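Enquirer: Could you work out the structure for the sequence below:
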Amino acid sequence: MARFRAPQERQAAPLPGYKLAHPMLSADGKRGGFSGVSLGRARVYGVVADAECAQGASHRSPARWCDCGFYSLHKLDDAQELTCDPDYRHAVLLEVLAAGRFFRYERGLRYARQRVTKVRVGRCGCGHAATLLADSGDGSIGWRRLMPVCAGCAGGRPLLSSETSARLLAGPPVVPDPTGIVESPDIDDLDEQTLVPLLTAEVTLLQARLDAVQRELARLTQPRPRRP
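Expert: Residues are numbered from 1 along each chain as shown. Reported below is the predicted structural model:
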């Protein structure tokens, strides 16, 4: 009996899609790239890249009997929903064009070749809109992993602006993606009825933090009993 083989799909023109990735910076600081958020975490790829088997096998990727290949979703909303998962909070959202051999799924594709056309930077870990990419302290050989941060959480870490990130990628723009983010209102725009409770809450919070700092300072400066 002849063995049935499902036909391989090919598309005349690249197909658009959306996916999550970790932004990466080369050790010498001269190149940008991306790594996957699941199977492809160990491999860094550029703006234009061909898929390779994550298991290190020599077959062409994607293979029907393997889970290798690039993955993307058809809808932007589906990709944005994934960013709510704690495991993906420090990822960015990529717009891509998928090409070559591919397998179609209900919500997306698994495919052989891609071009990143836009990088969307969403939330900082604190929940506010991110405006910078900072060194996360993690990475792989030859590459440092970056993460989106707001100005308030940037601290003293090495930072990249959107413009610098786009230049290092040498291709796609890096843009804010503030979907679902409600920023705090400008105090100057609030009326007295709204402003008084808001400022009272802020003062209460600051006082609680000051009390905690004073308790810790007292603990550290108290003379320790001498050992007999």
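Enquirer: Give me the distance between residue 63 and residue 108.
Expert: With distances taken as C-beta to C-beta, to the nearest Å, residue 63 is found 17 Å from residue 108. C-betas here are computed from N, CA, C, even on glycine.
Enquirer: swap in residue 171?
Expert: 22 Å.
Enquirer: When the two are compared, which one has more neighbours?
Expert: The residue with more neighbours, out of residue 171 and residue 108, is residue 108; 21 against 16, by other C-beta atoms under 10 Å.
Enquirer: For the more buried one, which residues are in contact?
Expert: 17, 71, 72, 73, 74, 78 (C-beta atoms under 8 Å, 6 or more residues apart in numbering).
Enquirer: Could you do residue 23 as well?
Expert: Contacts of residue 23 (C-beta under 8 Å, 6+ apart): 32, 33, 34, 92, 119, 133, 145, 146, 147, 148, 165.
Enquirer: looking at the sheet around it, what are its partners?
Expert: Per DSSP bridges, the residues bridged to residue 23 are residue 34.
Enquirer: What's the per-residue pLDDT of it here?
Expert: Note for residue 23: predicted pLDDT of 96.
Enquirer: Which element, helix or strand, includes residue 80?
Expert: Per DSSP states H and E, residue 80 falls inside helix 76-82.
Enquirer: in that helix, what counts as buried?
Expert: For helix 76-82, a neighbour-count test (16 or more other C-beta atoms under 10 Å) marks 76, 79, 80, 82 as buried.
Enquirer: which helices and strands does the helix or strand just after that helix pack with?
Expert: For helix 76-82, the following helix or strand on the C-terminal side (DSSP H and E) is strand 92-104. Strand 92-104 is packed against strand 15-26, strand 70-73, helix 76-82, strand 108-121, with contacts defined by 3 or more C-beta pairs under 8 Å, 6 or more residues apart in numbering; DSSP states H and E.
Enquirer: what about 7 Å?
Expert: Identification of packing neighbours for strand 92-104 by 3 or more C-beta pairs under 7 Å, 6 or more residues apart in numbering; DSSP states H and E yields strand 15-26, strand 70-73, strand 108-121.
Enquirer: which other residues reach it?
Expert: 8-10, 14-21, 23, 34, 62, 64, 70, 72, 79-80, 83, 109-122, 148, 177 (C-beta atoms under 7 Å, 6 or more residues apart in numbering).
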